[in-house]
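Chemist: Prediction below, plus the sequence it came from.
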Amino acid sequence: MAPTFHIEHFGCRAARADGEAVSDRLRAAGHCPQQASEANLVIVNTCSVTAEADRAARAFIRRAHRLNPAAKIVVTGCYAQRAPDELAALAGVAAVIGNSHKALAPQIAQELMEPATPQAGAELVQIQSATMPERATSEQLAPPQAGSGLHETPAAQAASAPPQAGNGLHGILAAQAASASPQVAVQSATMPERATSEQLAPPQVELAPPQVELAPPQVELAPPQVELAPPQVELAPPQVELAPPQVVVWADERFAHSFLEEAQLVPGAQTRPNLKIQEGCGNRCSFCVIPFTRGPSKSLPHEVVLRQVQGFVATGGNELVLSGINLGRWGRDLPPAAAGAETTAPHTLPALLRLVFHETALPRLRLSSIEPMDWDDELIALMAQFGGSRLARHAHLPLQSGSDAVLRRMHRRYRPWHYQQKVAALLRAAGPELTLGADVMIGFPGETDAEFEETVAFIRSLPFGYLHLFPFSARPGTRAWALHAERPVPALVVDERMARLRALAAEKIRTHRSSTIGRELEAITLHTAPDLDRLGRTSAMTENFLAVEIEGRLQANRLVRLRMTHLNAEGILRATVASSRKAPDGPHVSSPGRIAGSI
């Protein structure tokens with residue numbers, strides 16, 4: 001039976017896309033997904049944006065090891081990049097793979113699931129053991145690159161002989177055998193004793209006249225005392241001791257293997273899958289560890305993006321979400337087009353979107369979070385041209401704070417009035433159906449009561465459809481770590497402010513959803529939970545990002561036009577079908593596709 005694996009996801013949509021890409025590769029290699037309590041390998045795809053995210057990942061690792069002590073645990077993601085040795089010290093962990101080596105995660109995981117093959121001349125093959133976790137370099141899995149600045153510990157250097165054919169994880173798996181030389185002790189045989197003159201009886205001389213008789217010599221030779229002791233040959237048993245399993249850490253600061261290209265997307269367990277087209281961030285906000293855990297911005301080439309979109313449409317896909325760590329920066333790191341090229345390759349996100357709309361038949365494209373200042377005139381013009389038809393009228397602009405002073409301490413690249421200007425332009429382009437979302441941080445170091453009130457007033461002034469609220473969490477290595485030590489906001493104050501903003505957010509959500517009652521909106525049907533299906537209803541998501549329950553049962557992945565009827569006591573919109581349209585031609589794939597997170 002093929003080895004099994006389980007992947008546990010923590011964190012953002014981009015992180016989930018990474019984990020699903022690993023899952024795709026393992027499935028393609030013949031491995032089967034399984035529950036964590038029964039899998040041979042458990043992969044923990046971590047987040048590290050807050051201390052709570054770290055704690056949740058550690059708790060899962062401990063629980064997984066307790067429930068399935070035989071399983072090897074591989075930890076990857078942002079926490080694995082930020083503090084690999086901390087994770088390597090946890091019981092059950094076999095390998096830690098930082099985001100710098102994320103592209104190699106499928107190969108490392110696959111080889112950990114396969115039993116080691118003994119090498120020639122070795123009686124034992126095991127994962128090398130060391131007191132401290134060894135940091136494996138990218139050269140151990142890939143050809144060295146020019147200018148490599150990776151450092152390898154002396155223990156790892158001693159263990160990493162040149163790779164042999166078939167030994168994929170050289171530097172991790174090492175032959176180790178020992179057998180003591182036979183200790184042969186042959187006891188010397190005794191030599192025959194030498195007869196001495198004393199052993200000859202003295203002559204008995206007796207003078208007897210007139211007769212003299214000499215007694216014959218009484219000489220008796222003792223029999224030879226020669227006895228060969230049996231050879232005392234004893235082979236000492238081989239002194240082979242299995243060292244405890246070693247945790248190997250794959251992480252560095254070059255991020256040479258950080259982009260994990262996804263398998264072809266198809267509509268499967270998620271009707272609206274994620275396509276991650278950008279990785280990393282260089283903004284260096286004072287509170288954020290992302291530049292340290294994911295490295296600089298890297299973009300998926302436009303040819304790959306087009307191929308993914310075309311393949312998705314060909315298999316019956318209707319809505320695709322473009323995501324990234326800093327999506328608005330897509331393309332700026334790509335090399336310029338060669339001189340004399342027939343076409344100019346896109347180097348900005350708006351140019352890529354126009355290419356997708358021109359070259360593919362994708363019915364609907366949705367954009368995930370984009371920084372306020374990356375909503376430039378060209379991107380907003382695309383919302384005016386395609387919003388409500390092929391581009392979802394949904395914009396998530398991280399806010400963090402409505403106070404100018406706090407934004408400055410956060411090293412954010414906009415001010416409250418910049419944010420207001422972008423929102424006003426988007427509302428003009430998309431109309432009142434636009435659903436506006438934001439992230440808001442509470443309790444940033446030094447946040448005064450007056451600064452918090454500025455944030456409350458700012459949020460109240462804008463038509464937000466939802467808010468993601470979270471308390472500040474000091475992260476080691478960031479500028480805000482020192483600020484927090486100097487001017488922390490008391491936990492009780494943070495809790496009180498969170499409660500106020502939760503109430504305001506609930507008010508905003510209800511107001512925005514209520515504004516759609518009586519209107520018709522485009523939507524896509526989702527996979528419906530059994531409890532809702534038993535009530536004869538279907539889950540759906542409108543193009544402007546409103547969760548809806550439809551009266552009647554409909555197959556997932558259908559494009560429908562809905563009439564909003566009312567908002568129930570739980571704040572969920574109810575709707576009826578006004579009309580539906582046929583999905584693009586192509587086979588409907590129900591399960592083999594990548595199960596991706598969605599916005």
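Modeler: Thanks, I have it.

Chemist: Identify the single longest helix in the chain, thanks.
Modeler: The residue-count maximum for a helix in the chain (DSSP state H) belongs to helix 491-514.

Chemist: Listing partners with orientation, what would you give for the very next helix or strand once past that helix?
Modeler: With elements assigned by DSSP states H and E, the helix or strand that comes after helix 491-514 is strand 520-525. Partners of strand 520-525 in the sheet, by DSSP bridges, are strand 537-542 (antiparallel), strand 559-567 (antiparallel).

Chemist: can I get these in JSON lines with distance to Pro267 and mean pLDDT?
Modeler: Where you see a C-beta, it was placed from the backbone N, CA and C, and this is true even at glycine. Below are these laid out as JSON lines (distance: least, C-beta to C-beta, whole Å; pLDDT from 0 to 100):
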{"stretch": "strand 537-542", "distance to Pro267": "13", "mean pLDDT": "97"}
{"stretch": "strand 559-567", "distance to Pro267": "12", "mean pLDDT": "96"}
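
Chemist: most packed of those strands?
Modeler: Among those, judged by mean count of other C-beta atoms under 10 Å, the one packed with the most neighbours on average is strand 537-542 (a mean of 23).

Chemist: The helix or strand following it: which residues count as buried?
Modeler: The C-terminal neighbour of strand 537-542 among helices and strands, as given by DSSP H and E, is strand 547-551. Under the neighbour-count criterion of 16 or more other C-beta atoms under 10 Å, strand 547-551 has Val548, Glu549, Ile550 buried.

Chemist: what pLDDT, on average, does strand 547-551 get?
Modeler: Strand 547-551 carries an average pLDDT of 96.

Chemist: what's the angle from it to helix 491-514?
Modeler: Orientation check (axes from the mean of the first three to the mean of the last three C-alpha atoms, to 10 degrees): strand 547-551 against helix 491-514 gives 40 degrees.

Chemist: Give me the helices and strands touching strand 547-551, please.
Modeler: Counting contacts by 3 or more C-beta pairs under 8 Å, 6 or more residues apart in numbering; DSSP states H and E, strand 547-551 is packed against strand 520-525, strand 537-542, strand 559-567, strand 573-581.

Chemist: Taking strand 573-581 as reference, get the angle to that strand.
Modeler: Using the same axes, to 10 degrees, strand 547-551 lies at 70 degrees relative to strand 573-581.

Chemist: Run me through the strand neighbours of strand 547-551, direction for each.
Modeler: Checking strand 547-551 against DSSP bridges gives partners strand 537-542 (antiparallel), strand 573-581 (parallel).

Chemist: That strand: how far from the chain's middle?
Modeler: 33 Å (C-alpha atoms, centre = their mean, to the nearest Å).

Chemist: Output that strand as CSV - backbone C-alpha positions only.
Modeler: What follows is strand 547-551, C-alpha atoms only, in CSV (Å, rounded to 0.1, in the frame of the first residue of the first chain):
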residue,chain,number,x,y,z
ALA,A,547,-22.7,34.7,1.0
VAL,A,548,-26.2,33.7,0.0
GLU,A,549,-28.6,30.8,0.6
ILE,A,550,-30.7,30.0,-2.4
GLU,A,551,-34.2,28.4,-2.2
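
Chemist: Can you tell me what sits against it?
Modeler: 523, 525, 532, 536-542, 560, 562, 564, 572-577 (C-beta atoms under 8 Å, 6 or more residues apart in numbering).

Chemist: before we move on, what SS does Gly465 have?
Modeler: strand (DSSP: H, G, I helix; E, B strand; the rest coil).

Chemist: For it, give me its contacts.
Modeler: Contact analysis of Gly465 by C-beta under 8 Å, 6+ apart lists Thr435, Leu436, Gly437, Lys508, Ile509, His512, Arg513, Phe545, Leu546.

Chemist: Please parse this protein into its domains.
Modeler: Domain ranges of the chain: 4-138+167-177+243-250, 274-335+344-513, 520-581, per automatic domain parsing.

Chemist: among the helices and strands of this structure, which has the poorest mean pLDDT?
Modeler: Lowest mean confidence among the helices and strands of the chain (mean pLDDT, DSSP states H and E): strand 125-127, at a mean of 29.

Chemist: quick one on the thing from earlier: I'd like to know which of the helices and strands packed on strand 547-551 lies nearest to Pro398.
Modeler: Among those, the nearest to Pro398 by C-beta to C-beta is strand 537-542 (21.5 Å).

Chemist: how far does the closest one sit from the chain's center?
Modeler: The answer for strand 537-542 is 30 Å, by C-alpha atoms, centre = their mean.

Chemist: So which residues make contact with it?
Modeler: With C-beta under 8 Å, 6+ apart as the test, strand 537-542 has contacts from 272, 516, 521-529, 532, 547-554, 560, 562, 575.

Chemist: Kindly report the same for stretch 354-364.
Modeler: By C-beta under 8 Å, 6+ apart, stretch 354-364 touches 302, 305-306, 309-310, 312-313, 317-320, 346, 365, 382, 386, 390-392, 522, 524, 543, 559, 583-584.

Chemist: Stretch 288-300 too?
Modeler: By C-beta under 8 Å, 6+ apart, stretch 288-300 touches 48-49, 78-79, 81-82, 98-100, 253, 255, 258-259, 261, 276-284, 325-326, 329-334, 475, 477-478.

Chemist: Look up how far Phe472 lies from Phe464.
Modeler: Phe464 sits 20 Å away from Phe472, going by C-beta to C-beta, to the nearest Å.

Chemist: no, scratch that, I was asking about Asn283
Modeler: 17 Å.
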